[in-house]
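Visitor: 3D, please:
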Amino acid sequence: MLNRLEMMRIFCVAAEATSFKEAAARLGVSPQAVTRAVKELELIVGEPLFYRNTRQMRITDYGEQLAHRARDTVADIDALFKRGSKEPTADMAGSVRITAPTVIGRRFLLPVLSKIAAEYPHINLDLRLSDTIADVIEEQIDIGIRVGFLRDSSFVARAIAKTYFLAVASPELIARVGRPAGIQALLDLPTIALVDKNSGRRWPWYFADSQQFTPRATAFVTDDAEIELGLVLNGIGFGQLADWLAIPHIRGGRLVRVLEAHTPPPWDLYVYRPRRGPVPARIRMVYDRIASAFSAPEIFLAQS
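Guide: Residues are numbered from 1 along each chain as shown. Sure, this is the predicted structure:
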């Protein structure tokens, strides 16, 4: 049987991890050892500490309270036996898994994470790009970025920027077919449709006063936002693009805005993390760095 301090130390690491396997890897022990320590601690305190099934685990409310009380105590005891070690603390070493939409990840998030990786070589950053909504439990996500509505109460979320959707076209296309006089005029003009990878349906175009337009007689259909941008730049059709994709090309004269009077209200861009137990310092640091970087308008204006 483990002594109670070691048992509590294992529990505190498990409380911060996404799985017993991850906790075991951080501690340098087997997953069975973590499971055994948690079971023994549950017998001692007389309360379940985790909800567990074959697919996921989640800390209980009592487990969160116990981890919160125990974490500083265990750290203080461990500190008594350290002699000015230069090794990174456990909280600032280990993995941080991040998910983001593909374009945002490639164009804007990658430079932020590259700086963090250079400053904190003991943190293993794991970036997963996808235009579908992530299952944060199944995929063991620590931090996510999402544009649009985020009402899940199991997330700690922060709105960090606004995203406007702009109707645009190339100057060459406008010279050839003219500007749309109104939203319904788009029915007679070539448009680019973007497919929502979550539903498999075409994204509607959003306009002011809750008006929508769904491209039907399209010149091109794609499920990739950067392909959509390229098609609009090449004069294939009108498109509705996020401002952080369109504005550099508008300023460079490669795109022209249309239907400006019908621009819809902006959507929020969020950084979020699951609401699960104590949060390791490395995850808090990466979360805060992403939030700070994306709150600065120049992160989007610097792209071309």
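
Visitor: Just say helix, strand or coil for the residue nearest to residue 272 when sequence neighbours are not counted.
Guide: Once flanking residues are discounted, residue 272 sits nearest to residue 157: 3.9 Å by C-beta to C-beta, 6 or more residues apart in numbering. Where you see a C-beta, it was placed from the backbone N, CA and C, and this is true even at glycine. Of the three states, residue 157 takes strand according to DSSP: H, G, I helix; E, B strand; the rest coil.

Visitor: can you check residue 236 too?
Guide: Put simply, residue 236 is coil when judged by three-state DSSP.

Visitor: count of neighbours near it?
Guide: Using other C-beta atoms under 10 Å, residue 236 has 19 neighbouring residues.

Visitor: List the contacts of it.
Guide: Residue 236 makes contact with 173, 190, 192, 219, 220, according to C-beta atoms under 8 Å, 6 or more residues apart in numbering.

Visitor: Quick check, pLDDT for residue 131.
Guide: On pLDDT, residue 131 comes in at 89.

Visitor: same question, the one 3 residues further on
Guide: With respect to pLDDT, residue 134 has a value of 76.

Visitor: what's the closest non-adjacent residue to it?
Guide: Nearest one to residue 134, counting by C-beta to C-beta, 6+ apart, is residue 99 at 4.4 Å.

Visitor: Run through the strands of the chain in chain order.
Guide: With strands called from DSSP state E, the chain shows them at 50-52, 57-59, 94-100, 123-129, 143-147, 155-163, 165-169, 192-194, 205-206, 212-213, 220-222, 239-242, 256-257, 267-274.

Visitor: And those: which comes nearest residue 106?
Guide: In terms of C-beta to C-beta, the element of the strands of the chain nearest to residue 106 is strand 123-129, at 6.9 Å.

Visitor: which regions of the stretch 51-200 of the chain lie under the pLDDT threshold?
Guide: Filtered on pLDDT under 70, the stretch 51-200 of the chain yields the residue ranges 54-55, 78-79, 81-91, 150-154.

Visitor: Run through the helices of it in chain order.
Guide: Using DSSP state H, counting those that start in this stretch, the helices of the stretch 51-200 of the chain run over 61-80, 102-104, 110-119, 171-177.

Visitor: so what does the longest one touch, helix or strand wise?
Guide: Looking back up the chat, that one is helix 61-80. helix 4-16 (3 or more C-beta pairs under 8 Å, 6 or more residues apart in numbering; DSSP states H and E).

Visitor: how far out from the middle of the chain is the helix it packs on?
Guide: Taking C-alpha atoms, centre = their mean, to the nearest Å, one finds helix 4-16 lying 28 Å from the centre of the chain it belongs to.

Visitor: list the buried ones in it?
Guide: Using 16 or more other C-beta atoms under 10 Å as the test for burial, helix 4-16 gives 7, 8, 9, 10, 11, 12, 13, 14, 15, 16.

Visitor: so the third one makes contact with residue 74?
Guide: Yes: in this structure residue 9 lies within contact range of residue 74 using C-beta atoms under 8 Å: 5.2 Å.

Visitor: just to revisit the earlier point, what about the residue nearest to residue 134, how many residues nearby?
Guide: By other C-beta under 10 Å, neighbour count at residue 99 equals 23.

Visitor: Return the set of residues that bridge with it.
Guide: Beta-bridge pairing for residue 99 (DSSP bridges): residue 128, residue 144.

Visitor: what's the answer for residue 268, then?
Guide: residue 162.

Visitor: Correct me if wrong: residue 144 contacts residue 269.
Guide: No: using C-beta under 8 Å, residue 144 makes no contact with residue 269, being 11.4 Å away.

Visitor: quick one: which of the contacts of residue 236 is nearest residue 252?
Guide: Distance to residue 252, by C-beta to C-beta, is smallest for residue 173 among the contacts of residue 236, at 16.1 Å.

Visitor: Just put the contacts of residue 236 in a markdown table and tack on distance to residue 116 and neighbour count.
Guide: Shown next, in a markdown table, are these (distance: C-beta to C-beta, whole Å; neighbours: other C-beta atoms under 10 Å):
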| residue | distance to residue 116 | neighbour count |
| --- | --- | --- |
| 173 | 41 | 24 |
| 190 | 43 | 19 |
| 192 | 35 | 23 |
| 219 | 41 | 17 |
| 220 | 37 | 19 |
